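In: sharing a model prediction with you, sequence too.
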Amino acid sequence: MRRCWVTVVAALAAVAGCGDAGGSPAAPAPPSTPSVSSPAATGRLTVTSSAFADGGTVPRRHTCDGADVSPPLALAGVPAHTAALALVMQDSDAPHGAFTHWLAWNLGPHTTRLSAGEQPRGATEGRNDFGRTGYGGPCPPRGDRPHRYVLTVYAADRRLSLAADASRAQLLRALSGHTLSIGTLTGRYRRG
C-alpha cells in the first residue's frame, strides 16, 4: 500500500512540475473548470488587455471606485472549430469564496476585441454576484490585501442554451465536455 502512495505522489509531482514554454510552473486550474474536450485542441487561447498586464493592477476606471466599466480585451488563438465563446470573471480572494463579477456566453467565435465597457454583441450576459446583469468591477473590502480577479475565456464547440439568469455553476456545467480551449487574464486590485 505504501508503494502505491509513493507512486501516486511521484506522478502528481511530475504533473505539477510541468510548466509553460517560458519555464514557469503551470498555474492550477480553477475549481470546476471544464476540461478540454478534444485531442485536436489547438492550444491555449490568449487573453490580453491594453488597460493592464497579466498579474498587474486593474485601473480604477474598471472598478467600483471608478466608472465600473469592463476593461478592453483582445483575444488570440481561438481554435478554428469554435462555435461560441464564453467568459467568466471572478474574485478568487473574496472572503466567502469565489465571487462572480461577469458572465457572458455565445460571443461570436470570430470575436477578437471588446472595447472598454462594451456589451459583447449577440451574447447573453448573466447575473453577477452583485445581483446585476453584466459587468461589475473589482470591489474588495477596504483594507484587504490586493484581490486577484481572474477573467477566463472559453472556446466552446457549440452555442450554449442557458437561461439569461444562469449562474456561473450552470455556465461551467454547460461548457463541460464542450471546451476546446481556455485562456485567462489576471488582474489585482486593492481599495485603500
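Out: Great, that's in hand. Numbering: from 1, shown residues only.
In: could you use CA atoms for every contact and neighbour count after this?
Out: OK.
In: which residues are in contact with the nearest residue to residue 76 once chain neighbours are set aside?
Out: Once flanking residues are discounted, residue 76 sits nearest to residue 46: 5.0 Å by CA to CA, 6 or more residues apart in numbering. Taking CA atoms under 8 Å, 6 or more residues apart in numbering as the contact definition, residue 46 lies against 75-78, 183-184.
In: and residue 83, by the same measure?
Out: Taking CA under 8 Å, 6+ apart, we find residue 83 in contact with 108-109, 155-159.
In: and with 6 Å instead?
Out: Residue 83 makes contact with 109, 156-159 under the criterion CA atoms under 6 Å, 6 or more residues apart in numbering.
In: can you give me the strands for this protein?
Out: Under the criterion DSSP state E, the chain contains strands at 46-48, 73-76, 84-91, 99-107, 113-114, 124-125, 147-156, 179-189.
In: can you lay out those strands as CSV showing distance to residue 173 and mean pLDDT?
Out: Shown next, in CSV, are those (distance: least, CA to CA, whole Å; pLDDT from 0 to 100):
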stretch, distance to residue 173, mean pLDDT
strand 46-48, 22, 98
strand 73-76, 23, 98
strand 84-91, 12, 97
strand 99-107, 13, 97
strand 113-114, 25, 96
strand 124-125, 16, 94
strand 147-156, 12, 97
strand 179-189, 11, 97
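In: out of those, which comes closest to residue 167?
Out: With respect to residue 167, and counting by CA to CA, the nearest of the strands of the chain is strand 99-107 at 8.1 Å.
In: can you show me the helices along the protein?
Out: 2-16, 168-175 (DSSP state H).
In: so where is the protein shaky, pLDDT-wise?
Out: 1-43 (pLDDT under 70).
In: which residues does the most centrally placed residue in it contact?
Out: Residue closest to the average C-alpha location in the chain (CA atoms, centre = their mean): residue 152, at 1.4 Å. For residue 152, the contacting residues are 87-88, 183-184, by CA under 6 Å, 6+ apart.
In: can you pick out the most distant pair from the residues you listed?
Out: Top of the distance list for those (CA to CA): 88 and 183, 10.7 Å.
In: thinking again about what came up before, can I get the contacts of residue 46 in CSV with distance to residue 65 and neighbour count?
Out: Formatted as CSV, the contacts of residue 46 follow (distance: CA to CA, whole Å; neighbours: other CA atoms under 10 Å):
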residue, distance to residue 65, neighbour count
75, 27, 17
76, 30, 15
77, 33, 16
78, 33, 27
183, 27, 20
184, 24, 18
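In: follow-up on the earlier one: so the nearest residue to the residue nearest to the centre of the chain once chain neighbours are set aside versus residue 136, what's the distance?
Out: Distances taken as CA to CA, 6+ apart put residue 184 closest to residue 152, at 4.4 Å, once the chain neighbours are dropped. Between residue 184 and residue 136 the distance, using CA to CA, to the nearest Å, works out to 18 Å.
In: I'm done for today, thanks for sticking with me.
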